[in-house]
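>>> next come a sequence and a model predicted from it.
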Amino acid sequence: MKTKPGQESSAVRARLLDAAVQLFAEQGVAGTTVAEIAAAAGVTSAMVHYHFKTKDQLLDAVVAEKLVGEFIAFVADAIARDASDPLALVERLVWRIVEASDAMPWLPPLWVREVISEGGALREKLIQRVDLGQPERFKAGLAAAQRAGRVNPEINPQLTFMSIIALTMLPLSMAKNWDRIPLIGRVSKQDLGRHVVALLQHGLAAAPAPLALNWV
C-alpha cells in the first residue's frame, strides 16, 4: 500500500525531531548543524527547512513535542492519578522517570545539557511552555501531609520535586559510563530507582516521637 503524501511528510518530520534530540543530547544544540540533523534523518537540508523554517522553530518543536508532549505528560500522569499519598507518589515519579529514560535514551543527557545547565538552549523555552499545575498539586499535597504529621517537617515542599529530578536525571545522563566510574561500578537503572525511592522516602518519613523517659 502506497504511503499518502501527508503521512510521508508527517513521518519525515517525526524522524527529524528524533534525529535532533539524539544529536542535541550527544553534542549539544550549539554544536549541532541542520546538515547533521538532515543526514541523521536520511533527508536533505532543504527538507529540514521545509518543516522548520529556522533552527529556533525546530527547538520550539523539540520542547513542545518531545519534552512537554512526551516526557512531561508521561510524568504528570503519575500525579494526576493520585497525589494524596506523597510517599507513594514519590515512588511513582521516580519510576516514571526511569521508564522514560528507557523509552527516550536521549532524554537525561539532553535535560542536563540544555535544560538545567547554565545557558542551556532549551531552558527558557521549557519554562514558557510547561504547565506548573501538576507540580503545584504535588507541592500542596506534600504540605498537607506535613501539617497532618505524616511527612518530615524539615522537608521543603518547594524543593522536593526538583530533588526528584536531580537525583534521577543526573545519574541517568551518565548511565552508559557507570561501569567506568570506580565509585559507581556495575549498577542498573533498577538499582538507581530503588536507591532514589529509599533515599527520598526515608527523608520524607516523619521522625518518630522521642521516647518518654521515666526518672523515678
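Structure's in. What do you need?

>>> next SSE after the helix or strand of the chain with the lowest mean pLDDT?
Scoring the helices and strands of the chain by mean pLDDT, DSSP states H and E places helix 73-81 at the bottom, with a mean of 85. Moving toward the C-terminus from helix 73-81, the next helix or strand (DSSP states H and E) is helix 86-103.

>>> what distance separates that following helix from the centre of its chain?
Its chain's average C-alpha position is 10 Å from that of helix 86-103, according to Cα atoms, centre = their mean, to the nearest Å.

>>> angle of that helix against helix 73-81?
Using axes from the mean of the first three to the mean of the last three Cα atoms, to 10 degrees, the inter-axis angle of helix 86-103 relative to helix 73-81 is 160 degrees.

>>> tell me the mean pLDDT for helix 86-103?
Helix 86-103 shows a mean pLDDT of 93.

>>> just checking, next helix/strand downstream of it?
helix 107-111.

>>> contacts for that next one next, please.
Here helix 107-111 makes contact (Cβ atoms under 8 Å, 6 or more residues apart in numbering) with 21, 24-26, 71, 100-101, 122, 168-170, 172-173, 175. All C-beta spots, glycine's among them, are computed from the backbone N, C-alpha and C.

>>> and the next element down the chain from that helix?
The first helix or strand that comes after helix 107-111 along the chain, using DSSP H and E, is helix 123-129.

>>> return the set of buried residues in that next one.
Residues of helix 123-129 classed as buried: Lys125, Leu126 (neighbour count, 16 or more other Cβ atoms under 10 Å).

>>> residues in contact with the spatially closest residue to Gly28 that is not a sequence neighbour?
Once flanking residues are discounted, Gly28 sits nearest to Arg113: 5.5 Å by Cβ to Cβ, 6 or more residues apart in numbering. Contacts for Arg113 (Cβ under 8 Å, 6+ apart) come out as Phe24, Ala25, Gly28, Val29, Gly120.

>>> what about the residues you listed, which are in helices?
Those of the contacts of Arg113 mapping onto helices are Phe24, Ala25, per DSSP state H.

>>> would you format the contacts of Arg113 as TSV with neighbour count included?
Listed next are the contacts of Arg113 as TSV, based on neighbours: other Cβ atoms under 10 Å:
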residue	neighbour count
Phe24	25
Ala25	22
Gly28	16
Val29	19
Gly120	18
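
>>> farthest pair in the contacts of Arg113?
The distance between the two most remote of the contacts of Arg113 (Cβ to Cβ) is 12.2 Å, for Ala25 and Gly120.

>>> ok, residues contacting stretch 18-35?
Taking contacts as Cβ under 8 Å, 6+ apart, the residues outside stretch 18-35 that touch it are 36-38, 40-41, 45, 48-49, 55, 58-59, 62, 66, 104-107, 109-110, 113-114, 121-122.

>>> kindly recompute the last result at 6 Å.
With Cβ atoms under 6 Å, 6 or more residues apart in numbering as the test, stretch 18-35 has contacts from 36-37, 40-41, 45, 48, 62, 66, 106, 109-110, 113-114, 121.
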